[in-house]
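Chemist: compute the structure for the input listed below.
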Amino acid sequence: GLTEDTIITLNGEEVPGFRAQPDGSTLDFVVPAIDEATIPDSMDVDVTVARGDEAKTLPNGLTYFKHKSVDGLNSTAFQFDAAEEAEVRVTLEDSHSSFGALNIPALDESSSIVYGIARTNTVAPAAKETTEPMGLGGNLIEAGEPIANLNEFSVYFYQALEAGGTTPPAGSALYALAQGLYEVSPTLPDGVPNPDTMTFSFPVAGAGLTAGDVRSGLSLYGVETAFDYTTDQTTADDPALVLYQSELLNSEVIPELLADTEDETAIDAIHMARLYSLNTFSLRSNAPMAPEVVEALLEANAAAGNGSINGGTEMEIVSPLGNLAWVDRIEFRTQNGQLAATQTEFITPRGENEYSLVFNTPESDRRGTMDISIFLRSAPNTPAVTLEDHFEYRGIGLDRGVLTVLLALLIALLGLASGGAPSGGSSSSGPCFIATAAYGTPMAAEINTLRNVRDTYLLETAAGSAFVDAYYRVSPAVADVVAANPVLAAMVRVLLIPVVFLGKVALAMPTLTALVGMSLGAAFMLRRRPARQS
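Modeler: Numbering: from 1, shown residues only. Next comes the predicted model:
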């Protein structure tokens, strides 16, 4: 005798019935919300059904629950306003004594009530779910390896059909699974990590994770599933859509990883792991870079760069979807696969940022266009991604400024070498070549200065001695021309004035001269550093 006019009273509140069967055997109704403060873990209430003067009370006919555990799956029910941020306390164990924190950003500017269910289970050691029902669906994630004794979790949102749209793939006749309500980009248009993301924090002491495990690269993956709370069944499309979420960073574990944190340090909790889509999530070790991450990275780094074979060119690799937090090394290889250079030191500290990696190119003994291969610590033997023809190693370029510096250096060296043969050598009393021709006598004070600089600096190195020897072979012919031309002799004397002055300074203050020389060299290299490539 049940009809849609039948009165249903629940916890003192009258609720409407709908979808009565023609034979009067069933009547559906939507359970109204109850103040969470009045619910411990669960609370039973009476249900009264009245038709006319007839009334039937069902003692404990309905159980309100905030947390529930069935067959190893823990559920947490909640609701929130989509226009505001929310934090949900999610149960992790059957005893409801261990909790995680789900933080939800504002999802919609218009105020609307969203109902949610968060579910957790513990992954068995070295095993994936294979039985039916599917549980949470973590068995559909093939990336890497699940971590023993670590909770997998899932999050589902539901909205009233007038807000949620068409017939639901899961839920009830009035409330649809809001699959598209939450899906955000990992980075903003300017490349900065998106701060408005859902996060989950939970203890992991039972999993035995260490700082070394985090530094080896732990990746969070998600698979799109649907949970029908009326049948308690989890389903997924075939094939299931599996998406990379994020990589644990230094700041996303407790204790936070510092440069001096030892690898053996135990990790107590995961702190605000980032989630960018719905619905089931699992943390994986030894996971390769996901295909969608590789595709986005290749597209974002299409432009090639170039720099000196001496290294030092600053480069940036951008990954819009992340996964660059724990890079093992970067290899530069020639077109025929030969290893030209390897970089293991990065400007971006490991574990600080997974969307951008900045480094200086290493020195190479080969010129030409190189492929750049990125190796992750989670899979150090196989390149995660290779940027083909991405960098060209070039020799040192000679523009007008560099040529001017080299010409000045050549003049100085000619002046230094022109001071005659090495002291004590068989030619010490011989002609002084170009300087002698310029000054008219081998005994000029300027020539003595040049000779002392030569003996003190040039002849103390193999390269300097080789240059002096070469000079003595070619300079007599030049000296003849200088001696025969007063104007040219005067020009050489003028050119040698700064050389003689610097020589005197070098002899008088060798330490200061070395410091000034190194400073000028460093300034020159910084000025000539190639522009940053991306």
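
Chemist: drop to CA atoms for contacts and neighbour counts, all remaining ones
Modeler: Noted.

Chemist: please report phi then psi for Asp389.
Modeler: Note on Asp389: its backbone torsions stand at phi 50, psi 50 [degrees, to the nearest 10].

Chemist: do the same with Leu248
Modeler: Dihedral angles for Leu248 - degrees, to the nearest 10 - are phi -60, psi 130.

Chemist: one more: Asp213?
Modeler: Dihedral pair for Asp213: phi -60, psi -40, per degrees, to the nearest 10.

Chemist: can you get me a residue count around it?
Modeler: 18 (other C-alpha atoms under 10 Å).

Chemist: contacts only, for it.
Modeler: Asp263 (C-alpha atoms under 8 Å, 6 or more residues apart in numbering).

Chemist: Met272: how many residues sit nearby?
Modeler: Neighbours around Met272, by other C-alpha under 10 Å: 20.

Chemist: kindly apply the preceding question to Glu84 instead.
Modeler: Neighbours of Glu84 (other C-alpha under 10 Å): 15.

Chemist: quick check: pLDDT value at it.
Modeler: If you check Glu84, the pLDDT there is 94.

Chemist: geometric centre of this structure: which residue is closest?
Modeler: Glu354 (1.4 Å; C-alpha atoms, centre = their mean).

Chemist: so which strand or helix has it?
Modeler: According to DSSP states H and E, Glu354 maps onto no helix or strand at all.

Chemist: cool, and the one 5 residues further on?
Modeler: Phe359 is located in strand 356-360, with elements delineated by DSSP H and E.

Chemist: coming back round to it: residues contacting the residue nearest to the centre of the chain?
Modeler: Neighbouring residues of Glu354 by C-alpha under 8 Å, 6+ apart: Glu247, Leu249, Ser319, Gly322, Asn323, Leu324, Ala325, Trp326.

Chemist: any idea how far Pro320 is from the closest residue to Glu256 other than its chain neighbours?
Modeler: Residue nearest to Glu256 in three dimensions, not counting chain neighbours: Asn250, with 5.6 Å by C-alpha to C-alpha, 6 or more residues apart in numbering. From Asn250 across to Pro320, the span is 19 Å (C-alpha to C-alpha, to the nearest Å).

Chemist: tell me which of these two has more neighbours.
Modeler: Just comparing Asn250 and Pro320: by other C-alpha under 10 Å the higher neighbour count belongs to Pro320, 25 against 22.

Chemist: give me the three-state assignment for that one.
Modeler: Of the three states, Pro320 takes coil under DSSP: H, G, I helix; E, B strand; the rest coil.

Chemist: please name the residues that touch the residue nearest to Glu256.
Modeler: Glu256, Leu257, Leu258, Gly351, Glu352.

Chemist: what secondary structure does Glu299 sit in?
Modeler: helix.

Chemist: what segments of the stretch 101-250 of the chain are strands?
Modeler: All strands of the stretch 101-250 of the chain, identified by DSSP state E, counting those that start in this stretch, fall at 113-122, 145-146, 151-160, 175-177, 198-203, 218-223, 226-228, 233-235, 242-247.

Chemist: tell me the mean pLDDT over the shortest one?
Modeler: In this case it means strand 145-146. What strand 145-146 shows for mean pLDDT is 92.

Chemist: picking up where we left off before, what strands line up against the strand holding Phe359, and which way round?
Modeler: According to DSSP bridges, strand 356-360 has the following sheet partners: strand 314-318 (antiparallel).

Chemist: dump the partner strand to CSV, restricted to CA.
Modeler: Presented in CSV, the C-alpha positions along strand 314-318 are these (Å, rounded to 0.1, in the frame of the first residue of the first chain):
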residue,chain,number,x,y,z
GLU,A,314,72.5,27.5,-19.1
MET,A,315,69.6,25.5,-20.3
GLU,A,316,66.1,24.8,-19.0
ILE,A,317,64.0,21.7,-19.6
VAL,A,318,60.3,22.4,-19.0
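
Chemist: which parts of that strand are buried?
Modeler: Glu314, Met315, Glu316, Ile317, Val318 (16 or more other C-alpha atoms under 10 Å).

Chemist: tell me what angle the next helix or strand after it forms with strand 356-360.
Modeler: Per DSSP H and E, the first helix or strand lying C-terminal to strand 314-318 is strand 327-333. Taking axes from the mean of the first three to the mean of the last three C-alpha atoms, to 10 degrees, one finds strand 327-333 and strand 356-360 inclined to each other by 50 degrees.

Chemist: partners of strand 327-333, with directions?
Modeler: strand 339-343 (antiparallel), strand 368-376 (antiparallel).

Chemist: gap between it and the chain center?
Modeler: Computed by C-alpha atoms, centre = their mean, to the nearest Å, the separation of strand 327-333 from the middle of its chain amounts to 15 Å.

Chemist: may I have it exported as PDB, CA atoms only?
Modeler: Taking Å, rounded to 0.1, in the frame of the first residue of the first chain, the C-alpha atoms of strand 327-333 are listed here in PDB:
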ATOM      1  CA  VAL A 327      66.500  13.400 -12.400                       C
ATOM      2  CA  ASP A 328      69.500  11.100 -12.200                       C
ATOM      3  CA  ARG A 329      71.600  12.500 -15.100                       C
ATOM      4  CA  ILE A 330      71.400  14.100 -18.500                       C
ATOM      5  CA  GLU A 331      73.400  12.600 -21.400                       C
ATOM      6  CA  PHE A 332      74.500  14.400 -24.600                       C
ATOM      7  CA  ARG A 333      75.000  12.000 -27.500                       C
END
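
Chemist: touching that strand from outside, list them.
Modeler: Applying C-alpha under 8 Å, 6+ apart, the contact partners of strand 327-333 are 339-345, 350, 370-377, 380.

Chemist: so for that strand, mean pLDDT?
Modeler: In this model, strand 327-333 has an average pLDDT of 98.

Chemist: separation between the closest residue to Glu316 other than its chain neighbours and Glu388?
Modeler: Nearest residue to Glu316, sequence neighbours excluded (C-alpha to C-alpha, 6+ apart): Val358, at 4.4 Å. In this view, Val358 and Glu388 are 18 Å apart by C-alpha to C-alpha.

Chemist: ok, Glu93 next?
Modeler: 49 Å.

Chemist: what segments of the stretch 51-200 of the chain are helices?
Modeler: 161-164 (DSSP state H, counting those that start in this stretch).

Chemist: shaky segments in it?
Modeler: In the predicted model, the stretch 51-200 of the chain carries pLDDT under 70 at residues 124-134, 162-171, 173.

Chemist: ok so, going back, of all the contacts of Asn250, which comes closest to Lys68?
Modeler: Using C-alpha to C-alpha, Glu256 is the member of the contacts of Asn250 that sits closest to Lys68, with 32.1 Å.

Chemist: could you look up the SS state of that closest one?
Modeler: coil.

Chemist: just the one 3 residues further on next, same as before
Modeler: Under the three-state scheme (three-state DSSP), the conformation of Ala259 reads as coil.

Chemist: one more: Val492?
Modeler: helix.

Chemist: run a quick neighbour tally on it.
Modeler: A count of nearby residues for Val492, using other C-alpha under 10 Å, gives 19.

Chemist: ditto for Asp53
Modeler: Using other C-alpha under 10 Å, Asp53 is surrounded by 5 other residues.

Chemist: could you do Ser465 as well?
Modeler: When neighbours are defined as other C-alpha under 10 Å, Ser465 has 18 of them.

Chemist: max-length strand in this protein?
Modeler: strand 54-65 (DSSP state E).

Chemist: for that strand, buried residues please.
Modeler: By neighbour count on 16+ other C-alpha under 10 Å, the buried set for strand 54-65 is Tyr64, Phe65.

Chemist: who touches it?
Modeler: Outside strand 54-65, the residues that reach it (C-alpha under 8 Å, 6+ apart) are 39-50, 77.

Chemist: for that strand, which strands pair with it and how are they oriented?
Modeler: Strand 54-65 has these strand partners (DSSP bridges): strand 42-51 (antiparallel).
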